[in-house]
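1. Next one to model:
(2 chains)
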Protein chains: 2
Amino acid sequence: MEYELDKMIDDTIPRIIELIEEKKYVKARELLLEFSEVDIAEILEEIMEVLGVEKTIIMFRTLPKDVNVEVFSYLDSDEQVAIINSITDKEIHYIIDELPFDDMIDVLEELPANIVDKILEKATKEERKQINSFLHYPEYSAGTLMTPEYISLHKDMTVEQALAHIKKEGMDSETVYTCYVKDTGRTLLGIVSLRTLVVSENDVMVRDIMRTDYVCANVHADQEEVSNLFKKYGFLAIPVVDNEHRLVGIITVDDILDIIEEEITEDFQKMAGVAASTEEYLDMSVWKHVRNRFPWLLFLMFSLMVTGLIINQFEDLLSKAIVLVAYLPLLMGTGGNSGSQSATLVIRSMAVGDIELKDSVKVLWKEVRVSFLIGFSLSVLNFAKILLIDGESPFIALTVCGSMLIIITMAKTIGGMLPLLAKKLKIDPALMASPMIASLTDMVSVVTYFFLASLILGI
Amino acid sequence: MEYELDKMIDDTIPRIIELIEEKKYVKARELLLEFSEVDIAEILEEIMEVLGVEKTIIMFRTLPKDVNVEVFSYLDSDEQVAIINSITDKEIHYIIDELPFDDMIDVLEELPANIVDKILEKATKEERKQINSFLHYPEYSAGTLMTPEYISLHKDMTVEQALAHIKKEGMDSETVYTCYVKDTGRTLLGIVSLRTLVVSENDVMVRDIMRTDYVCANVHADQEEVSNLFKKYGFLAIPVVDNEHRLVGIITVDDILDIIEEEITEDFQKMAGVAASTEEYLDMSVWKHVRNRFPWLLFLMFSLMVTGLIINQFEDLLSKAIVLVAYLPLLMGTGGNSGSQSATLVIRSMAVGDIELKDSVKVLWKEVRVSFLIGFSLSVLNFAKILLIDGESPFIALTVCGSMLIIITMAKTIGGMLPLLAKKLKIDPALMASPMIASLTDMVSVVTYFFLASLILGI
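-> Predicted coordinates:
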């Protein structure tokens, strides 16, 4: 199957729905099982939307148990709750038992508390203790990402013994490729990759091939730091240790892909002046959308009110040359757009590590030159337009275009510097994006424009 | 070493530079080798910036050959060129020979043509042919990401034979964890993970444990599609096939992390109205910055000019109630900010697949409700402020606040719908972000405001 898969799924869904409506579950099952578990989950979500919970549960139950466990882990939490509420305790127990530990924790974190209690009741005391400790790591910490399921080796094993041990344990594919060597006190001594074990001679000792220069994360480290480690070093998994350097779990790269997505989404939200949230757009209630967007709009409004106050001071000037108002959107808009360009480029470059605080002067110098060139070209174009097309006086043209040059230069400089200043003040640079910059440059624009106007027009 | 590593590196650099200046290369070497290859590369880049190429090369040469190969692959292309230009042909040959194939292709793609020729001269005819074919895949295609270095198995091997074969080949860690089963015509039959091989009994046949329901990418597939496959399925590697379904290479997850970053950066750039570029901010020339930013500013200027034209039509109204001008930035700014919020949320949700075209009505309905609530609250607040603090007449307050409610509702609706419309028209939704939305809503804002003003104030 190549990547036209999405189309295949879209084509198959109506056929499966038809089959379910005709109660031909065996035929529908056959069709479903042609797909991988993550695709089946996607298809079931569609089925639930169209046919409701009951028929989806019947479909779900016809699938093999081991397929269902994985399918379950890929469903959204709404669908997971619907299924948990409709299946027997025995079935719940089976799913929870068979899920990889980190997936189970993910599921439990999303489910409502009463459902979690229902599930925890069925776990053994030992399991419950472990689950609870994982559920209580701070949100967005390495602790919530890790799984305690990893291969432990002893430094005095031979390669042959190590491979036999791995064969006996038989882990999930994602967690088996790096093995962890611990001393008796659970302190991490070193790591050895399955590759190294497989290509080494049988009688070599693990202690002689393990790497001790591994990188690890503290259990309380922020998920963003962890994902940066993966990006920098290209690991498949990294060990997570507590403050006493005892190994408590590992984080695998497949979970990091999701985290990178989440972190980026957060950046996008901040840059649009929206409170960060991991909830999906359509799942979020209208109230929550309002709550997430209102505060920034209100905050930005204050800066816009100041702009209004400034204009008020120039009422006299304006009433004498009302034509100036017509060029106000051009100047404010271009200022905002210019500033946004610079701010976004700098914010993004800081996020990927291309620009650091110490580069501030270089950024400033670059923005000054870029903005002068852009400002100059756009001003010349506008000068011609105002003179020839609008038929205004050269003084008006000079006022507008002089302002434009100054505004673009200042907007780009502010846009480039503000994210760096934010970083210096330990504020998230992403907050200094378009809406913030645009509202600030509005102020700069009107002051520049009216000041220049009174100077050139002599009003 | 935990994640305070970055600080350690920053602390070490001045000491190493000092040691090099005192010509204590052996001591500097000792310090350097405490770090991993990717960190050494970072440190060497700093050294080159401070001490120049010559001393960096001397430092580079003191490092063990096998370390150097990897360090080289992590350097920026500027530094790579500097090194290639300063080391002997024999050293170049060694580095190129030992680099993993995909890293070598990356290096060659970045280097200037004359350097590439210099390197190709030293390759065997067979090598040259393969390198050339890799260099000629279209940019951003799966072909440019893949490596031809993978483990091939035959379906009639036993597990024992397969493991012995892997031990003999001894691949890089990143490419060994999935093995590929081909028939004699190079057609891909199935895949088998190293994990499966290790946990299976020795006499089991490869054909009985290989998975035939694998997902693969066409060699001409876009890198974004490929990275979506990784995100969806959590693979460590995927096979790449040509149009005849022959296996031509594999792509590993560590390269995908870089691609995800690149794709996101591209989105950020588009959303700020800047032409997409993978070049680093500081490396890019002033001219290129201007070229990347000028066209969108010019384009947006036309929409802002239309806004100016509209204002011109209302000159009469304005001269009679000049106070209206003072509220113009408030209305235009809030409209822009409201629209940006919606546009960014919808664009991002589309990018991660939470919103599809068929959800348009749901998005519309959500935005209408959210914007009405926000618009209503902000209007009430402003009504009070204009009446009580500004001391304007209720008619002015009503004009401004009525406009605000309409503008916010329309801005959010436009902001939410425009990205979906773009998708429908096969334009990149990311282009419909803040600058575009803000410039469009400006138009809507002035028309609404002045229309309402002439209605309420009766001018």
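2. List the single closest residue to residue A:269 in space, sequence neighbours excluded.
-> Counting by CB to CB, 6 or more residues apart in numbering or on different chains, residue A:269 lies nearest to residue A:276, which is 4.9 Å off, once chain neighbours are set aside. For the C-beta atoms, the positions are set from N, CA and C on the backbone; glycine is no exception.
3. check contacts around the nearest residue to residue A:86 once chain neighbours are set aside.
-> Residue nearest to residue A:86 in three dimensions, not counting chain neighbours: residue A:57, with 4.7 Å by CB to CB, 6+ apart. Going by CB atoms under 8 Å, 6 or more residues apart in numbering or on different chains, residue A:57 touches A:82, A:83, A:86, A:87.
4. Distance-wise, check residue A:96 relative to chain B.
-> In this view, residue A:96 and chain B are 20 Å apart by CB to the nearest CB, to the nearest Å.
5. Could you point out the helix or strand that follows the host helix or strand of that residue?
-> Element membership of residue A:96, judged by DSSP states H and E, is helix A:89-98. Following helix A:89-98 in sequence order, the next helix or strand is helix A:101-110 (DSSP H and E).
6. what angle separates that following helix from helix A:89-98?
-> 130 degrees (axes from the mean of the first three to the mean of the last three CA atoms, to 10 degrees).
7. List the buried residues in the helix or strand that helix A:101-110 is followed by.
-> With elements assigned by DSSP H and E, the helix or strand that comes after helix A:101-110 is helix A:113-121. Neighbour-count burial for helix A:113-121, with 16 or more other CB atoms under 10 Å in any protein chain shown as criterion, is recorded at A:115, A:116, A:119.
8. With distance to residue A:220 and pLDDT as added columns, please give those in a markdown table.
-> Listed next are the buried residues of helix A:113-121 as a markdown table, based on distance: CB to CB, whole Å; pLDDT from 0 to 100:
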| residue | distance to residue A:220 | pLDDT |
| --- | --- | --- |
| A:115 | 28 | 74 |
| A:116 | 23 | 76 |
| A:119 | 26 | 73 |
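9. Strands of the stretch 201-350 of chain A, start to end?
-> A:217-218, A:237-241, A:247-252 (DSSP state E, counting those that start in this stretch).
10. how about the ones you listed, which one is nearest chain B?
-> Each of the strands of the stretch 201-350 of chain A has some distance to chain B by CB to the nearest CB; the shortest is strand A:217-218, at 5.8 Å.
11. Quick check: neighbours of the closest one in the sheet, parallel or antiparallel?
-> According to DSSP bridges, strand A:217-218 forms sheet pairs with strand A:237-241 (parallel).
12. what's the distance between residue A:444 and residue A:406?
-> Going from residue A:444 to residue A:406 by CB to CB, to the nearest Å gives 9 Å.
13. got the domain boundaries for chain A?
-> A:5-136, A:151-253, A:286-456 (automatic domain parsing).
14. lowest-confidence stretch among the ones you listed?
-> Of all those, domain A:5-136 carries the lowest average pLDDT, namely a mean of 81.
15. Can you give the distance from the helix or strand containing the residue nearest to residue A:86 to the centre of its chain?
-> Secondary structure from DSSP H and E places residue A:57 in helix A:53-62. Its chain's average C-alpha position is 33 Å from that of helix A:53-62, according to CA atoms, centre = their mean, to the nearest Å.
16. how many degrees apart are the following helix or strand past it and helix A:53-62 in direction?
-> With elements assigned by DSSP H and E, the helix or strand that comes after helix A:53-62 is helix A:65-74. With the same axes, to 10 degrees applied, the angle from helix A:65-74 to helix A:53-62 works out at 140 degrees.
17. how close does the residue nearest to residue A:86 get to residue B:341?
-> Distance from residue A:57 to residue B:341, by CB to CB: 38 Å.
18. before we move on, back to that, could I get the buried residues of helix A:113-121 as TSV with distance to residue A:423?
-> Shown next, in TSV, are the buried residues of helix A:113-121 (distance: CB to CB, whole Å):
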residue	distance to residue A:423
A:115	42
A:116	39
A:119	43
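19. and the most centrally placed residue in chain A, how far is that from residue A:335?
-> Geometric centre of chain A, nearest residue: residue A:262, 2.1 Å, by CA atoms, centre = their mean. Distance of residue A:262 to residue A:335, given as CB to CB: 33 Å.
20. what's the answer for residue A:290, then?
-> To residue A:335, residue A:290 is 29 Å away according to CB to CB.
21. and what of residue A:119?
-> In terms of CB to CB, residue A:119 sits 56 Å off from residue A:335.
22. and residue A:180, what element?
-> Going by DSSP H and E, residue A:180 is part of strand A:178-182.
23. Quick one: residues contacting the closest residue to residue A:348 other than its chain neighbours.
-> Sequence neighbours aside, residue B:268 is the residue nearest to residue A:348 in space, at 4.5 Å (criterion: CB to CB, 6+ apart). Counting by CB under 8 Å, 6+ apart, residue B:268 makes contact with A:344, A:347, A:348.
24. mind checking pLDDT for residue B:268?
-> 87.
25. sorry, back to before: return the subset of the contacts of residue A:57 lying in helices.
-> Those of those mapping onto helices are A:82, A:83, A:86, per DSSP state H.
26. Let's have the residues you listed in TSV, adding neighbour count.
-> Formatted as TSV, these follow (neighbours: other CB atoms under 10 Å in any protein chain shown):
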residue	neighbour count
A:82	19
A:83	23
A:86	15
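27. burial of residue A:148, as a residue count?
-> Using other CB atoms under 10 Å in any protein chain shown, residue A:148 is surrounded by 16 other residues.
28. just to revisit the earlier point, parallel or antiparallel, list what pairs with the strand holding residue A:180.
-> strand A:151-153 (parallel), strand A:188-193 (antiparallel).
29. would you turn the ones you listed into CSV with mean neighbour count?
-> Listed next are those as CSV, based on neighbours: other CB under 10 Å:
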stretch, mean neighbour count
strand A:151-153, 19
strand A:188-193, 21
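30. Wait, a strand at residue A:138?
-> No: per DSSP: H, G, I helix; E, B strand; the rest coil, residue A:138 lies outside any strand segment and is coil.
31. Now do the contacts for the residue lying closest to it once chain neighbours are set aside.
-> Leaving out its chain neighbours, the residue that sits closest to residue A:138 by CB to CB, 6+ apart is residue A:220, at 6.7 Å. The neighbours of residue A:220, taking CB under 8 Å, 6+ apart as the test, are A:137, A:138, A:141, A:142, A:143.
32. Go again with 10 Å.
-> A:137, A:138, A:141, A:142, A:143, A:240, A:242, A:243 (CB atoms under 10 Å, 6 or more residues apart in numbering or on different chains).
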